[in-house]
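Trainee: Pasting a predicted model and its sequence here:
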Amino acid sequence: MRVAVVGAGVSGLAATKCCLDEGLEPTCFEQSQDIGGLWRYTELIETGRPSLYPSVISNTSKEMSAFSDFPFPEHFPVFLPNALLLDYLRRYTEHFSLREHIRFGSTVVSIHKHPDFATTGQWDVVTEAGGKQTSHVFDAVMVCSGNFSEPSLPLQCFPGIERFRGQYFHSRQYKHPDVFQGKRVLVVGMGNSGVDIAVEASRVAAKVMISTTRGAWLLSRVFEHGYPWDMILNTRLMSLIKTNLPGPLSWWLINYKVNQWFNHENYGLQPENSWRVREPVLNDELPSYILTGRITIKPGVKEFKDNSVLFHNCPEEEPIDIVVFCTGYTISFPFLKESVVRVENKHASLYKYVFPPQLQKPTLAVLGLIKPLGAIMPIAEMQARWVSRVFKGLCQLPPQAVMEKEVNEKKKNQIQWDFISGQRAPRDWGKGFQ
Ligand SMILES: Cc1cc2nc3c(=O)[nH]c(=O)nc-3n(C[C@H](O)[C@H](O)[C@H](O)COP(=O)(O)OP(=O)(O)OC[C@H]3O[C@@H](n4cnc5c(N)ncnc54)[C@H](O)[C@@H]3O)c2cc1C
């Protein structure tokens, strides 16, 4: 069975490897010249563009981030600079001989159902390499193209932005803290990228404010008794508690745990709703930066004026020079028809976040379209194992109606991993944001 894998990031590598494990024939198409996806931040160095940050450190620990059959080298630190994470992915690629199955410099431009899809489940895949398009027929497809490609910039939610005379941009366009030198900076959105950018800006800017409508749980990488946060929060016990205790009790417990470092209410950061509402922000510096006045937390933006901003419930205007919108990303699959994967309101209609429920044949799956509380690698691997077994016919999906019910319920109770404030932006990472 021939399987097309789109993308050679974490998900695409796991997909390729799991296909091989099941005796399938994967061909992985990667638009860039190397593996690693978002972690290939060194591409910038190779291309001669100045490297802005010596490294970006992972949020999840190596213990919790490893693929199940390939541990991180012992001498690697617990939280990894992106270069080491990339090194790990390279080792994984070599160890399982994945490289020979990857076609670099090949962009997947379209994936359509083959005319006899209803009986064969096959797909017509068109790729482009060196300006030349090639058509292929595959028995199945794994889409592993990542979810940080289309910045979301909802300017219509910010009255007055059209007359603001300062500079504003999406976090994805952020290149270097020099742009903030001596300026008054407003960061809109309190997700990982917003906080990272604010902390960096505060080293050179005259003033830095973060505007947040809902607050966020802020966690230190170093958690109870010095353990990495994800080794404490992502245990079977914690997951049992989160899913089985009555809502108010589990809310109280989590509230207690995440307030041990500092009381979020005292810092103006207390999330307005429950634990399920927000992805936590990982940052070791923000509390002390707030205490020392380098960063100020502000409520939501009410209105922009020519050279200033008004916040809700604050009568005074704050003069500002630069606004960074850390407003997240929109999910998109430019090479797929809407009828294959429906995306509405930043939610892709996928059974268990993986399978489009309405296909006559379960021969297309999306991997890595998840924002877990913890590392993505083991989850991408589990998805890849499941998908390759479904492709092979060793696992059956439930009937369409059951899958659609699950999709609709998820949509209704969607965990608001809030893109406006919850997602860390890739900035200068791997994809080369020229
Ligand atoms: C700043 C930041 C920090 C993060 N920290 C962590 C962390 O600590 N732990 C963690 O688990 N996760 C973290 N993540 C999440 C991260 O997204 C995942 O770890 C992982 O990189 C996702 O891999 P992926 O393969 O799904 O997507 P990507 O890494 O985005 O890879 C997608 C690949 O697909 C290729 N591609 C896209 N479209 C096409 C096409 N049409 N044709 C061919 N190729 C295509 C791209 O070139 C790319 O190589 C972080 C993310 C960011 C942005």
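Mentor: Happy to help now that I have it.
Trainee: Can you report how many residues lie near residue 345?
Mentor: Using other C-beta atoms under 10 Å, residue 345 has 8 other residues around it. Just so you know, the C-beta spots here come from the backbone N, C-alpha and C atoms, and that holds for glycine as well.
Trainee: what's near enough to touch it?
Mentor: Residue 345 makes contact with no residue under the criterion C-beta atoms under 8 Å, 6 or more residues apart in numbering.
Trainee: Now do the helices in the stretch 151-300 of the chain.
Mentor: Using DSSP state H, counting those that start in this stretch, the helices of the stretch 151-300 of the chain run over residues 192-201, 229-233, 236-244, 247-258, 286-291.
Trainee: Assign the residue nearest to residue 351 when sequence neighbours are not counted to helix, strand or coil.
Mentor: Of all residues not flanking residue 351 in the chain, residue 403 sits nearest, at 4.0 Å (C-beta to C-beta, 6 or more residues apart in numbering). Here residue 403 takes the helix state, with states given by DSSP: H, G, I helix; E, B strand; the rest coil.
Trainee: Output the helices of the stretch 151-300 of the chain in JSON lines, with mean pLDDT appended to each entry.
Mentor: Formatted as JSON lines, those follow (pLDDT from 0 to 100):
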{"stretch": "helix 192-201", "mean pLDDT": "92"}
{"stretch": "helix 229-233", "mean pLDDT": "91"}
{"stretch": "helix 236-244", "mean pLDDT": "83"}
{"stretch": "helix 247-258", "mean pLDDT": "81"}
{"stretch": "helix 286-291", "mean pLDDT": "95"}
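Trainee: out of those helices, deepest packed?
Mentor: Mean neighbour count (mean count of other C-beta atoms under 10 Å) peaks for helix 192-201 among the helices of the stretch 151-300 of the chain, with a mean of 24.
Trainee: So which elements touch that helix?
Mentor: strand 184-188, strand 207-211, strand 281-282, helix 286-291, strand 322-325 (3 or more C-beta pairs under 8 Å, 6 or more residues apart in numbering; DSSP states H and E).
Trainee: In terms of mean pLDDT, which of the ones you listed ranks lowest?
Mentor: Looking over the helices and strands packed on helix 192-201, mean pLDDT reaches its minimum on strand 281-282, with a mean of 92.
Trainee: now what about that strand, what contacts it?
Mentor: For strand 281-282, with C-beta under 8 Å, 6+ apart as the criterion, the contacting residues are 59, 190-192, 195, 216-221, 229.
Trainee: Same check on stretch 56-68?
Mentor: 14, 41, 72, 76-82, 85, 88, 92, 192, 221, 228-231, 234, 282, 374-378, 381, 424, 429.
Trainee: With distance to residue 117 as added columns, please give the helices and strands packed on helix 192-201 in TSV.
Mentor: Formatted as TSV, those follow (distance: least, C-beta to C-beta, whole Å):
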stretch	distance to residue 117
strand 184-188	44
strand 207-211	48
strand 281-282	43
helix 286-291	50
strand 322-325	41
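Trainee: The ones you listed: which one's closest to residue 175?
Mentor: Judged by C-beta to C-beta, the one of the helices and strands packed on helix 192-201 that comes nearest to residue 175 is strand 322-325, at 11.5 Å.
Trainee: That closest one pairs with which strands?
Mentor: Next to strand 322-325 in the sheet, as set by DSSP bridges, lie strand 167-170 (parallel), strand 184-188 (parallel).
Trainee: between the longest one and strand 207-211, what angle do the directions make?
Mentor: Calculated by axes from the mean of the first three to the mean of the last three C-alpha atoms, to 10 degrees, strand 184-188 forms an angle of 20 degrees with strand 207-211.
Trainee: Could you shift the numbering so residue one becomes 264, and keep it that way?
Mentor: From this message on, residue numbering opens at 264, which makes the last subject strand 447-451.
Trainee: Kindly calculate the angle that strand 447-451 makes with helix 455-464.
Mentor: Going by the same axes, to 10 degrees, strand 447-451 makes 170 degrees with helix 455-464.
Trainee: how far away is whichever residue of the stretch 564-697 of the chain sits closest to the ligand from residue 413?
Mentor: The nearest approach of the stretch 564-697 of the chain to the ligand comes at residue 631, 2.8 Å away (C-beta to the nearest ligand atom). Counting by C-beta to C-beta, to the nearest Å, the gap from residue 631 to residue 413 is 15 Å.
Trainee: Report the separation between the residue in the stretch 364-513 of the chain that the ligand sits nearest to and residue 274.
Mentor: Nearest to the ligand in the stretch 364-513 of the chain, going by C-beta to the nearest ligand atom, is residue 409, at a distance of 2.2 Å. Using C-beta to C-beta, residue 409 is found at 7 Å from residue 274.
Trainee: before we move on, what about residue 564?
Mentor: Using C-beta to C-beta, residue 564 is found at 35 Å from residue 274.
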